[in-house]
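>>> Dropping a prediction and its sequence here:
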Amino acid sequence: MARRARRYWLMKSEPGVYSIRNLQRDGSTTWEGVRNYQARNFMRDDMAVGDLVLFYHSNADPPGVAGVARIARAAYPDPTQFNRRSRYHDPGSKKDEPRWSMVDLAFVERFEEVVPLEALRNDDELSGMLVTRRGQRLSVQPVDRGHFARVLRMGGARTRVR
DNA sequence: GCCAACGTTGGC
DNA sequence: GCCAACGTTGGC
């Protein structure tokens, strides 16, 4: 049985809300609250267990890639969409036809230092990488294998692409 | 805190 | 289907 090739991703989190250190502490986490259709589609349709993720700190100083995570559970319905108390509640979503999906992430490693967005932008090998584009707000993005490997090197990571 | 960029909503 | 109004994201 041929296995699907591992895919590579970037996922944004505000460190004031949930940082790479939080993920390191917790070991794994649920990724609820994504309410953008493009981001949902990537999670629901394209992510699989074992895919690697660049863990990106947004609204941070500096913004940038803080470490690496791994998809620990493939997409399943985000329960917060049905919770009236939740800030992620979606009254338009039906139980038998959930609108929003989520995945679980597991900690892989934390970079010694964040690789700043500016460094990504200044790196020739990373030209075209989505996150370096001005106005790019998507919180879940696919990353080219070569770009992923390059960011790992910039972060001094032990993790390798394969 | 500002504001550009962008997604969503809803009137028409 | 258009598009103005509005809300959010996220760099700076």
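In hand now; what should we look at? Treat the numbers as computed from the prediction; the structure is a model and nothing was measured.
>>> residue ranges for the helices of chain A, please.
Counting by DSSP state H, chain A forms helices over residues A:20-26, A:37-41, A:117-122, A:145-154, given from the N-terminal end onward.
>>> most neighbours per residue, which of the ones you listed?
Ranked by mean neighbour count, those are led by helix A:145-154 with a mean of 19 (mean count of other Cβ atoms under 10 Å). Glycine gets a C-beta too; all of them are placed from N, C-alpha and C.
>>> from the chain's centre, how far out does the longest strand anywhere in chain A sit?
Taking residue count as the measure and DSSP state E as the definition, the longest strand of chain A comes out as strand A:101-116. Taking Cα atoms, centre = their mean, to the nearest Å, the mean C-alpha location of strand A:101-116 is offset from the chain mean by 7 Å.
>>> Could you see whether DNA strand C lies near it?
No - applying Cβ under 7 Å from any atom of the strand, one finds strand A:101-116 out of contact with DNA strand C, separated by at least 7.9 Å.
>>> list the helices and strands that strand packs on?
In terms of contacts (3 or more Cβ pairs under 8 Å, 6 or more residues apart in numbering; DSSP states H and E), strand A:101-116 is packed against helix A:20-26, strand A:28-30, strand A:52-57, strand A:64-77.
>>> I'd like these as JSON lines, with distance to DNA strand B and mean pLDDT appended.
Supplementary listing: the helices and strands packed on strand A:101-116 in JSON lines, determined by distance: least, Cβ to the nearest atom of the strand, whole Å; pLDDT from 0 to 100:
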{"stretch": "helix A:20-26", "distance to DNA strand B": "21", "mean pLDDT": "97"}
{"stretch": "strand A:28-30", "distance to DNA strand B": "21", "mean pLDDT": "97"}
{"stretch": "strand A:52-57", "distance to DNA strand B": "14", "mean pLDDT": "98"}
{"stretch": "strand A:64-77", "distance to DNA strand B": "16", "mean pLDDT": "98"}
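>>> follow-up on the earlier one: could you give the average pLDDT over the longest strand of chain A?
For strand A:101-116, mean pLDDT rounds to 97.
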